[in-house]
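>>> Kindly return the folded structure for what I paste below:
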Amino acid sequence: KADADGSSAWGTPKVGSDQGLYLQQVRLWAEGRVAQAQNGEGVDGADGAHTKAVAKIMTMIEGEIRDDMNRSHTEDQHEIFGHVGYMEECWTDLENHTAVVERGVNESQAAGAKHLECQLAQQALSDRAKDACVKTHTWLSLVKSECILEDSIAPDDLKTHIDCIGSDVDEARRLHSICDNETISYKAKVAECKVLQARYNTILCDVEAQVHLHCTEYETCYERERGRYTKVMPEVKGAEAGRQQQALAVAKIECYLTSVLDANYTVLAREGESRLTACSTLTSEAAANYTIDYPAPPAKAGCPWQQWLAEQDGNCQPKEPTTTSTSTTPSGTATMPTPGQTLVSTTAPTRAATLGHKFYRY
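Residues are numbered from 1 along each chain as shown. Model (predicted):
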């Protein structure tokens with residue numbers, strides 16, 4: 001039974017208070033009041049201290065107790081939403097790099113296109129140089145001379161043979177001039193293409209490094225935040241269940257206070273037992289007010305540039321066509337190309353890969 005002000009039965013509830021204990025105390029208090037009413041021991045209006053005690057407990061419920069429950073519920077809900085939001089922010093951070101990566105990809109495509117254009121021009125110059133030098137060699141092969149004509153179509157070797165013949169070779173010298181000039185143009189183009197290839201490789205590798213970095217950062221971020229969410233969820237669920245039990249206990253306490261302890265003895269003599277039963281069997285909807293919403297966490301997304309990365313073969317190097325020297329064979333001996341042989345491979349160089357990706361939204 002509470003003291004006149006209700007303090008010995010309740011005290012001041014704190015966060016984490018056991019409302020089940022308070023419920024038991026209030027239930028016993030209510031049962032005692034019903035017993036007094038049934039035995040004709042109570043006098044309505046004669047117990048001012050009782051009325052004050054009931055009012056004080058109701059004030060505490062409507063104040064500290066319910067405020068604490070609402071505050072802890074809100075904090076836990078915000079924590080759940082926060083962890084889901086952190087996972088979404090991992091993706092947002094990755095998306096923020098899109099413009100930089102795509103600009104780099106576009107630059108690599110432009111550099112690759114210039115390199116490809118240079119290679120095609122190199123191929124054309126190679127064909128022209130070969131054709132001019134073969135014509136020179138063919139013309140010289142028809143000249144009767146004690147000088148021995150080697151198989152090589154290299155300009156220096158052809159000039160040595162022309163100088164050996166000495167006279168009546170004006171046409172050979174004209175043809176050789178074309179051969180020499182075309183070969184010089186071809187070699188200049190080869191040097192130019194090497195510079196363009198180096199620039200292309202540099203840009204390509206820089207972009208590839210960016211993609212690896214940003215996608216790894218996303219994966220690390222997602223796994224970290226998903227782990228934190230997985231860890232905190234059971235803790236919040238435990239607090240949620242306790243808060244819902246607390247809400248039901250508080251609802252029953254309010255029922256005993258308003259339906260029994262605040263009722264007069266005349267009413268309790270007739271309805272006391274039914275009111276006690278109604279309060280003890282109460283199933284309150286108040287517990288639903290403390291239900292936590294657990295949104296499904298965003299699925300882990302793949303790297304949006306994975307297809308582009310795969311197309312780069314993982315080595316930052318464009319594929320180079322196989323070349324055949326205009327001057328020497330692998331053994332170092334100058335040779336005449338066999339019929340159908342070209343100075344460089346006719347295989348078209350690989351174009352810069354395009355960026356084929358899509359963003360996966362949560």
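>>> Can I get the helix or strand hosting Trp308 in PDB? Just the C-alpha atoms.
Trp308 is located in helix 306-311, with elements delineated by DSSP states H and E. Written as PDB, here are the backbone C-alpha positions of helix 306-311 (Å, rounded to 0.1, in the frame of the first residue of the first chain):
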ATOM      1  CA  GLN A 306      33.500  -3.700 -64.100                       C
ATOM      2  CA  GLN A 307      32.700  -4.300 -67.800                       C
ATOM      3  CA  TRP A 308      35.000  -1.500 -68.800                       C
ATOM      4  CA  LEU A 309      37.800  -2.900 -66.600                       C
ATOM      5  CA  ALA A 310      37.400  -6.300 -68.100                       C
ATOM      6  CA  GLU A 311      37.800  -4.900 -71.600                       C
END
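>>> Packing partners of that helix?
With contacts defined as 3 or more C-beta pairs under 8 Å, 6 or more residues apart in numbering; DSSP states H and E, helix 306-311 has these neighbours: helix 170-255. Where C-beta positions appear, they are placed from N, C-alpha and C, glycine not excepted.
>>> Please tell me how far the helix it packs on is from the chain's geometric centre.
For helix 170-255, the distance from its own C-alpha centre to the chain's C-alpha centre is 10 Å (C-alpha atoms, centre = their mean, to the nearest Å).
>>> elements contacting it?
Helix 170-255 packs on helix 19-38, helix 66-95, helix 98-141, helix 155-165, helix 265-280, helix 306-311, going by 3+ C-beta pairs under 8 Å, 6+ apart.
>>> relative to helix 19-38, how tilted is that helix?
On the basis of axes from the mean of the first three to the mean of the last three C-alpha atoms, to 10 degrees, helix 170-255 is oriented at 20 degrees to helix 19-38.
>>> If you compare the directions of helix 170-255 and helix 265-280, what angle comes out?
Going by the same axes, to 10 degrees, helix 170-255 makes 150 degrees with helix 265-280.
>>> count of residues packed around the nearest residue to Ala37 once chain neighbours are set aside?
Nearest residue to Ala37, sequence neighbours excluded (C-beta to C-beta, 6 or more residues apart in numbering): Leu268, at 3.6 Å. Leu268 is flanked by 24 other residues according to other C-beta atoms under 10 Å.
>>> Leu268 contacts Ala35, correct?
No - with contact defined as C-beta atoms under 8 Å, Leu268 does not reach Ala35; the gap is 9.3 Å.
>>> Gly302 belongs to a strand?
No - applying DSSP: H, G, I helix; E, B strand; the rest coil, one finds Gly302 to be coil, outside a strand.
>>> Next, the contact list for the closest residue to Gly104 other than its chain neighbours, please.
Leaving aside its chain neighbours, Gly104 sits nearest to Val207 (3.8 Å; criterion: C-beta to C-beta, 6+ apart). If you count contacts by C-beta atoms under 8 Å, 6 or more residues apart in numbering, Val207 has them with 101, 104-105, 107-108.
>>> Could you export the helices and strands packed on helix 170-255 as CSV, including mean pLDDT and distance to Thr230?
Converted to CSV, the helices and strands packed on helix 170-255 look like this (pLDDT from 0 to 100; distance: least, C-beta to C-beta, whole Å):
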stretch, mean pLDDT, distance to Thr230
helix 19-38, 87, 30
helix 66-95, 94, 9
helix 98-141, 94, 29
helix 155-165, 93, 73
helix 265-280, 92, 39
helix 306-311, 84, 26
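>>> among the ones you listed, which is nearest Ala247?
Of all the helices and strands packed on helix 170-255, helix 66-95 sits nearest to Ala247, with 6.6 Å by C-beta to C-beta.
>>> tell me which residues of that closest one are tucked away?
By 16 or more other C-beta atoms under 10 Å, the buried positions in helix 66-95 come out as 68-69, 72-73, 76-77, 79-80, 83-84, 86-87, 90-91, 94.
>>> repeat for stretch 281-299
Residues of stretch 281-299 classed as buried by neighbour count (16+ other C-beta under 10 Å): 282, 284, 286-287, 290, 292, 297-298.
>>> Repeat that for stretch 39-46.
Buried, per 16+ other C-beta under 10 Å, within stretch 39-46: Gly42.
>>> Could you export that stretch as CSV, CA atoms only?
Output in CSV follows, covering the C-alpha atoms of stretch 39-46 (Å, rounded to 0.1, in the frame of the first residue of the first chain):
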residue,chain,number,x,y,z
ASN,A,39,-16.4,-5.4,3.1
GLY,A,40,-18.0,-2.0,3.5
GLU,A,41,-14.9,-0.5,5.1
GLY,A,42,-14.3,2.4,2.8
VAL,A,43,-15.9,5.9,3.0
ASP,A,44,-16.0,7.9,-0.2
GLY,A,45,-14.3,11.3,0.0
ALA,A,46,-12.7,10.6,3.3
